[in-house]
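> Whatever this is, show me its structure:
(one chain, ligands or ions: 1)
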Amino acid sequence: MRIIRSPKQMFEVSQKLKKRGCRTGLVPTMGALHKGHLSLIRRAAQENDKVVVSIFVNPIQFGPKEDFRRYPRNLKKDALLCRNENADFIFYPSAALMYPPGFRTQVSVRELSDVLCGAYRPGHFQGVTTVVAKLFNIVMPDTAYFGQKDAQQALIIQRMAKDLDMPVKIRVMPIIREKDGLAMSSRNAYLDSAQREKAAVLYQALNKARESVKSGIADCALLTKRARATIIKNKPRKIDYISIVDMETLEPVKKIKDKALLALAVWFGNTRLIDNVILKR
Ligand code: PAF
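Numbering: from 1, shown residues only. From the prediction side, this is the model:
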(Lines give C-alpha, C1' and ligand atoms only; values in the text may rest on other atoms or scores of the structure.)
Protein backbone atom coordinates (compact mmCIF):
# COMPACT_ATOMS: atom_id res chain seq x y z
CA MET A 1 0.00 0.00 0.00
CA ARG A 2 1.26 3.42 -0.99
CA ILE A 3 0.62 6.75 0.69
CA ILE A 4 0.38 9.57 -1.85
CA ARG A 5 0.44 13.15 -0.61
CA SER A 6 0.41 15.16 -3.80
CA PRO A 7 -2.81 15.64 -5.83
CA LYS A 8 -0.72 15.79 -9.03
CA GLN A 9 0.94 12.47 -8.26
CA MET A 10 -2.39 10.90 -7.30
CA PHE A 11 -3.85 12.09 -10.61
CA GLU A 12 -0.95 10.59 -12.55
CA VAL A 13 -1.36 7.24 -10.78
CA SER A 14 -5.14 7.34 -11.44
CA GLN A 15 -4.50 8.01 -15.13
CA LYS A 16 -2.14 5.04 -15.34
CA LEU A 17 -4.72 2.80 -13.64
CA LYS A 18 -7.39 3.96 -16.09
CA LYS A 19 -5.12 3.25 -19.06
CA ARG A 20 -4.49 -0.25 -17.74
CA GLY A 21 -8.25 -0.80 -17.54
CA CYS A 22 -8.31 -1.07 -13.73
CA ARG A 23 -11.60 -0.49 -11.95
CA THR A 24 -10.96 1.95 -9.11
CA GLY A 25 -13.00 2.37 -5.94
CA LEU A 26 -12.65 5.53 -3.83
CA VAL A 27 -13.51 5.75 -0.14
CA PRO A 28 -13.40 9.43 0.85
CA THR A 29 -12.77 9.89 4.59
CA MET A 30 -11.44 12.36 7.10
CA GLY A 31 -9.51 9.60 8.86
CA ALA A 32 -10.01 8.40 12.46
CA LEU A 33 -11.26 5.27 10.74
CA HIS A 34 -13.81 3.06 12.46
CA LYS A 35 -15.75 -0.07 11.53
CA GLY A 36 -18.14 1.99 9.41
CA HIS A 37 -15.28 3.16 7.18
CA LEU A 38 -13.81 -0.33 7.12
CA SER A 39 -17.07 -1.75 5.78
CA LEU A 40 -16.81 0.75 2.89
CA ILE A 41 -13.18 -0.16 2.18
CA ARG A 42 -14.02 -3.86 2.31
CA ARG A 43 -16.82 -3.44 -0.18
CA ALA A 44 -14.63 -1.29 -2.42
CA ALA A 45 -11.97 -4.02 -2.39
CA GLN A 46 -14.57 -6.63 -3.37
CA GLU A 47 -15.89 -4.59 -6.26
CA ASN A 48 -12.74 -3.02 -7.74
CA ASP A 49 -9.23 -3.82 -8.92
CA LYS A 50 -7.72 -0.95 -6.93
CA VAL A 51 -8.91 0.90 -3.83
CA VAL A 52 -7.99 4.45 -2.92
CA VAL A 53 -8.85 5.70 0.58
CA SER A 54 -8.60 9.47 0.85
CA ILE A 55 -7.83 10.87 4.28
CA PHE A 56 -8.24 14.61 4.44
CA VAL A 57 -9.69 16.66 7.29
CA ASN A 58 -11.28 19.15 4.95
CA PRO A 59 -11.06 22.63 6.52
CA ILE A 60 -13.73 24.20 4.29
CA GLN A 61 -16.52 21.96 5.61
CA PHE A 62 -16.04 23.12 9.21
CA GLY A 63 -17.63 26.29 10.57
CA PRO A 64 -15.45 28.78 12.49
CA LYS A 65 -16.67 27.47 15.85
CA GLU A 66 -16.61 23.79 14.92
CA ASP A 67 -14.18 21.00 15.75
CA PHE A 68 -11.66 21.27 12.88
CA ARG A 69 -8.70 21.64 15.23
CA ARG A 70 -9.66 18.89 17.63
CA TYR A 71 -10.85 16.45 14.94
CA PRO A 72 -8.98 13.17 15.66
CA ARG A 73 -5.97 12.53 13.41
CA ASN A 74 -3.89 9.35 13.44
CA LEU A 75 -2.34 8.43 10.08
CA LYS A 76 -0.29 5.55 11.48
CA LYS A 77 -3.31 3.75 12.90
CA ASP A 78 -5.45 4.55 9.85
CA ALA A 79 -2.76 3.24 7.49
CA LEU A 80 -2.63 -0.03 9.38
CA LEU A 81 -6.40 -0.42 9.16
CA CYS A 82 -6.39 0.40 5.43
CA ARG A 83 -3.65 -2.13 4.80
CA ASN A 84 -5.61 -4.80 6.68
CA GLU A 85 -8.60 -4.13 4.43
CA ASN A 86 -6.47 -4.44 1.29
CA ALA A 87 -6.56 -0.79 0.25
CA ASP A 88 -3.94 -0.04 -2.42
CA PHE A 89 -3.44 3.67 -1.90
CA ILE A 90 -4.04 6.27 0.78
CA PHE A 91 -4.42 9.72 -0.70
CA TYR A 92 -3.32 12.06 2.10
CA PRO A 93 -3.00 15.59 0.75
CA SER A 94 -2.32 18.76 2.72
CA ALA A 95 -4.81 21.64 2.80
CA ALA A 96 -2.15 23.80 1.13
CA LEU A 97 -2.08 21.50 -1.90
CA MET A 98 -5.85 21.02 -2.05
CA TYR A 99 -6.59 24.74 -1.68
CA PRO A 100 -3.57 26.63 -3.03
CA PRO A 101 -3.47 30.43 -3.04
CA GLY A 102 -5.98 31.77 -5.53
CA PHE A 103 -8.49 28.94 -5.00
CA ARG A 104 -11.97 30.43 -5.60
CA THR A 105 -14.37 27.71 -6.70
CA GLN A 106 -17.26 26.23 -4.79
CA VAL A 107 -19.59 23.40 -5.77
CA SER A 108 -23.04 23.85 -4.32
CA VAL A 109 -26.13 21.67 -4.46
CA ARG A 110 -28.99 24.07 -3.86
CA GLU A 111 -31.83 23.43 -1.42
CA LEU A 112 -30.71 19.95 -0.34
CA SER A 113 -27.71 21.62 1.35
CA ASP A 114 -29.79 24.18 3.27
CA VAL A 115 -32.04 21.92 5.34
CA LEU A 116 -31.49 19.52 8.29
CA CYS A 117 -27.74 19.71 9.12
CA GLY A 118 -27.30 22.42 6.50
CA ALA A 119 -29.58 24.75 8.48
CA TYR A 120 -27.34 24.38 11.54
CA ARG A 121 -24.00 24.22 9.72
CA PRO A 122 -24.08 26.93 7.06
CA GLY A 123 -21.57 26.24 4.29
CA HIS A 124 -20.88 22.70 5.49
CA PHE A 125 -22.26 20.85 2.50
CA GLN A 126 -20.69 23.30 0.02
CA GLY A 127 -17.38 22.35 1.64
CA VAL A 128 -18.21 18.68 1.29
CA THR A 129 -19.33 18.85 -2.35
CA THR A 130 -16.36 21.00 -3.30
CA VAL A 131 -13.82 18.57 -1.85
CA VAL A 132 -15.63 15.49 -3.12
CA ALA A 133 -15.76 16.97 -6.63
CA LYS A 134 -12.00 17.58 -6.41
CA LEU A 135 -11.41 14.03 -5.15
CA PHE A 136 -13.46 12.63 -8.04
CA ASN A 137 -11.39 14.64 -10.52
CA ILE A 138 -8.09 13.61 -8.96
CA VAL A 139 -8.85 9.90 -8.42
CA MET A 140 -11.33 9.36 -11.28
CA PRO A 141 -12.99 6.44 -9.47
CA ASP A 142 -15.47 4.13 -11.14
CA THR A 143 -17.32 3.86 -7.83
CA ALA A 144 -17.20 5.96 -4.66
CA TYR A 145 -18.41 4.68 -1.31
CA PHE A 146 -20.28 6.65 1.37
CA GLY A 147 -22.10 5.71 4.57
CA GLN A 148 -25.84 5.99 5.14
CA LYS A 149 -25.12 7.53 8.56
CA ASP A 150 -24.51 10.77 6.68
CA ALA A 151 -27.73 10.30 4.73
CA GLN A 152 -28.02 13.95 3.71
CA GLN A 153 -24.40 14.03 2.56
CA ALA A 154 -24.90 10.85 0.51
CA LEU A 155 -28.01 12.26 -1.15
CA ILE A 156 -26.31 15.57 -1.95
CA ILE A 157 -23.31 13.78 -3.47
CA GLN A 158 -25.59 11.58 -5.57
CA ARG A 159 -27.37 14.72 -6.79
CA MET A 160 -24.07 16.46 -7.57
CA ALA A 161 -22.73 13.49 -9.53
CA LYS A 162 -25.94 13.25 -11.53
CA ASP A 163 -26.35 16.99 -12.15
CA LEU A 164 -22.73 17.45 -13.22
CA ASP A 165 -22.57 14.25 -15.32
CA MET A 166 -19.73 12.90 -13.23
CA PRO A 167 -18.80 9.44 -14.52
CA VAL A 168 -18.84 7.80 -11.09
CA LYS A 169 -21.23 5.41 -9.41
CA ILE A 170 -22.15 6.35 -5.85
CA ARG A 171 -22.63 3.46 -3.46
CA VAL A 172 -24.26 4.12 -0.11
CA MET A 173 -23.57 1.48 2.52
CA PRO A 174 -25.61 0.67 5.66
CA ILE A 175 -24.92 2.26 9.04
CA ILE A 176 -22.62 0.20 11.25
CA ARG A 177 -23.58 0.36 14.91
CA GLU A 178 -22.02 -0.34 18.29
CA LYS A 179 -23.55 -3.15 20.40
CA ASP A 180 -25.98 -0.72 22.07
CA GLY A 181 -27.03 0.73 18.72
CA LEU A 182 -24.98 3.94 18.68
CA ALA A 183 -23.99 4.66 15.07
CA MET A 184 -20.23 4.43 14.53
CA SER A 185 -18.69 7.86 14.13
CA SER A 186 -15.24 9.36 14.53
CA ARG A 187 -16.85 11.93 16.82
CA ASN A 188 -17.96 9.25 19.31
CA ALA A 189 -14.39 9.47 20.63
CA TYR A 190 -15.24 12.90 22.09
CA LEU A 191 -17.91 11.44 24.41
CA ASP A 192 -17.07 10.78 28.06
CA SER A 193 -18.41 7.54 29.50
CA ALA A 194 -21.62 9.09 30.88
CA GLN A 195 -22.37 10.83 27.58
CA ARG A 196 -21.52 7.68 25.67
CA GLU A 197 -24.03 5.71 27.73
CA LYS A 198 -26.74 8.34 27.26
CA ALA A 199 -26.16 8.57 23.51
CA ALA A 200 -27.52 5.04 22.97
CA VAL A 201 -30.97 6.60 23.37
CA LEU A 202 -30.76 7.94 19.80
CA TYR A 203 -30.98 4.47 18.33
CA GLN A 204 -33.71 3.52 20.79
CA ALA A 205 -35.78 6.49 19.60
CA LEU A 206 -35.17 5.69 15.93
CA ASN A 207 -36.01 2.04 16.47
CA LYS A 208 -39.24 2.85 18.30
CA ALA A 209 -40.27 5.10 15.42
CA ARG A 210 -39.51 2.35 12.92
CA GLU A 211 -41.65 -0.10 14.90
CA SER A 212 -44.47 2.44 15.29
CA VAL A 213 -44.58 2.98 11.53
CA LYS A 214 -44.64 -0.78 10.95
CA SER A 215 -47.57 -1.05 13.36
CA GLY A 216 -49.53 1.51 11.33
CA ILE A 217 -48.72 4.95 12.75
CA ALA A 218 -48.12 7.34 9.86
CA ASP A 219 -48.52 10.74 11.51
CA CYS A 220 -45.08 12.37 11.42
CA ALA A 221 -45.86 14.98 14.10
CA LEU A 222 -46.74 12.18 16.50
CA LEU A 223 -43.69 10.11 15.55
CA THR A 224 -41.25 12.99 16.04
CA LYS A 225 -42.95 14.03 19.29
CA ARG A 226 -42.45 10.51 20.65
CA ALA A 227 -38.84 10.37 19.47
CA ARG A 228 -38.15 13.70 21.17
CA ALA A 229 -39.78 12.48 24.41
CA THR A 230 -37.60 9.34 24.39
CA ILE A 231 -34.40 11.30 23.77
CA ILE A 232 -35.14 14.01 26.33
CA LYS A 233 -35.25 11.36 29.07
CA ASN A 234 -31.47 11.00 28.67
CA LYS A 235 -30.90 14.75 29.05
CA PRO A 236 -29.03 15.72 25.89
CA ARG A 237 -27.50 19.20 25.96
CA LYS A 238 -29.46 20.24 22.88
CA ILE A 239 -31.56 18.81 20.07
CA ASP A 240 -30.86 20.53 16.74
CA TYR A 241 -33.59 18.67 14.90
CA ILE A 242 -35.63 15.50 14.72
CA SER A 243 -37.31 15.50 11.30
CA ILE A 244 -39.12 13.17 8.99
CA VAL A 245 -38.41 14.09 5.41
CA ASP A 246 -38.87 12.90 1.86
CA MET A 247 -36.06 10.53 0.84
CA GLU A 248 -35.24 12.50 -2.31
CA THR A 249 -36.16 16.14 -1.71
CA LEU A 250 -35.55 16.23 2.06
CA GLU A 251 -38.76 18.23 2.37
CA PRO A 252 -40.78 17.63 5.53
CA VAL A 253 -43.40 14.92 5.29
CA LYS A 254 -46.68 15.01 7.22
CA LYS A 255 -47.84 11.45 6.70
CA ILE A 256 -45.78 8.43 5.74
CA LYS A 257 -47.20 6.92 2.58
CA ASP A 258 -44.53 4.50 1.49
CA LYS A 259 -41.21 5.41 3.07
CA ALA A 260 -39.47 8.44 4.55
CA LEU A 261 -36.26 9.36 6.33
CA LEU A 262 -36.26 10.09 10.06
CA ALA A 263 -33.09 12.06 10.71
CA LEU A 264 -31.80 13.72 13.86
CA ALA A 265 -28.92 15.75 15.25
CA VAL A 266 -28.48 15.82 19.01
CA TRP A 267 -25.76 17.17 21.28
CA PHE A 268 -24.32 15.29 24.24
CA GLY A 269 -21.91 17.66 25.94
CA ASN A 270 -19.88 19.35 23.21
CA THR A 271 -20.44 16.53 20.76
CA ARG A 272 -23.00 16.75 18.00
CA LEU A 273 -24.22 13.33 16.90
CA ILE A 274 -26.32 12.55 13.85
CA ASP A 275 -28.25 9.42 13.04
CA ASN A 276 -31.18 8.32 10.92
CA VAL A 277 -33.45 5.50 9.93
CA ILE A 278 -35.60 4.79 6.90
CA LEU A 279 -39.21 4.45 7.98
CA LYS A 280 -41.18 1.97 5.86
CA ARG A 281 -44.88 1.22 6.13
O1 PAF B 1 -17.98 12.03 5.48
C2 PAF B 1 -16.85 12.51 5.54
O3 PAF B 1 -15.95 11.99 6.20
C4 PAF B 1 -16.54 13.79 4.78
O5 PAF B 1 -17.63 14.65 4.79
C6 PAF B 1 -16.05 13.55 3.34
C7 PAF B 1 -17.10 12.87 2.49
C8 PAF B 1 -14.79 12.68 3.38
C9 PAF B 1 -15.68 14.87 2.69
O10 PAF B 1 -14.69 15.55 3.39
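
> Which residue is the nearest non-sequential neighbour of Tyr241?
Excluding the flanking residues, the one nearest Tyr241 by CB to CB, 6 or more residues apart in numbering is Ala265, at 5.7 Å. Quick note: C-beta positions are derived from backbone N, CA and C, even for glycine.

> contacting residues for that neighbour?
116-117, 120, 239-241, 272-274 (CB atoms under 8 Å, 6 or more residues apart in numbering).

> And those, which is closest to Gln61?
Distance ranking of the contacts of Ala265 against Gln61, using CB to CB, places Cys117 first at 10.8 Å.

> Am I right that the closest one is in contact with His124?
Yes. Checked against CB atoms under 8 Å, the pair Cys117 and His124 is within contact range at 6.5 Å.

> now the residue nearest to Tyr241: how far from Arg110?
21 Å (CB to CB, to the nearest Å).

> Can you report how many residues lie near Lys179?
Lys179 sits with 6 neighbouring residues when counted by other CB atoms under 10 Å.

> correction: Ala161
For Ala161, using other CB under 10 Å, the count is 19.

> these two touch, right, it and Ile170?
Yes. If you go by CB under 8 Å, Ala161 and Ile170 touch, sitting 5.6 Å apart.

> Centre-most residue in the protein?
Asp150 (3.6 Å; CA atoms, centre = their mean).

> Within the helices and strands, which one has the closest residue to that residue other than its chain neighbours?
Nearest residue to Asp150 in three dimensions, chain neighbours excluded: Ile274, at 7.1 Å (CB to CB, 6+ apart). Ile274 belongs to strand 271-280 when assigned by DSSP states H and E.

> Kindly report the same for Glu197.
Counting by DSSP H and E, Glu197 is part of helix 193-199.

> now swap in Asp114 and tell me
Per DSSP H and E, there is no helix or strand for Asp114.

> next one: phi and psi at it?
phi -100, psi -10 (degrees, to the nearest 10).

> Please work out how many residues are found near it.
14.

> What residue in the stretch 151-281 of the chain comes nearest to the ligand?
Nearest residue of the stretch 151-281 of the chain to the ligand (CB to the nearest ligand atom) works out as Gln153 at 5.8 Å.

> Could you find the closest non-adjacent residue to that residue?
Per CB to CB, 6+ apart, closest to Gln153 is Val128, 5.8 Å.

> what residues does stretch 220-236 touch?
Contact with stretch 220-236 is made by 198-199, 201-202, 204-206, 208-209, 212-213, 217, 239, 242-244, 252-256, 260, 262, 264, 266-268, 279, as judged by CB under 8 Å, 6+ apart.

> Let me know the average pLDDT across that stretch.
What stretch 220-236 shows for mean pLDDT is 98.

> can you check stretch 28-37 too?
On average, the pLDDT along stretch 28-37 is 98.

> and that stretch, how far out from the chain's middle?
9 Å (CA atoms, centre = their mean, to the nearest Å).

> how about that stretch: buried residues?
28-34, 36-37 (16 or more other CB atoms under 10 Å).

> Determine which two of these are furthest apart.
The farthest-apart pair in those, when distances are taken by CB to CB, is Pro28 and His34, at 14.9 Å.

> before we move on, back to that, give the partner strands of the strand holding Ile274 in its sheet and their orientations.
strand 259-268 (antiparallel) (DSSP bridges).

> so how far is the partner strand off the chain centroid?
For strand 259-268, the distance to the chain centre is 14 Å (CA atoms, centre = their mean).

> Cool, thanks, talk later.
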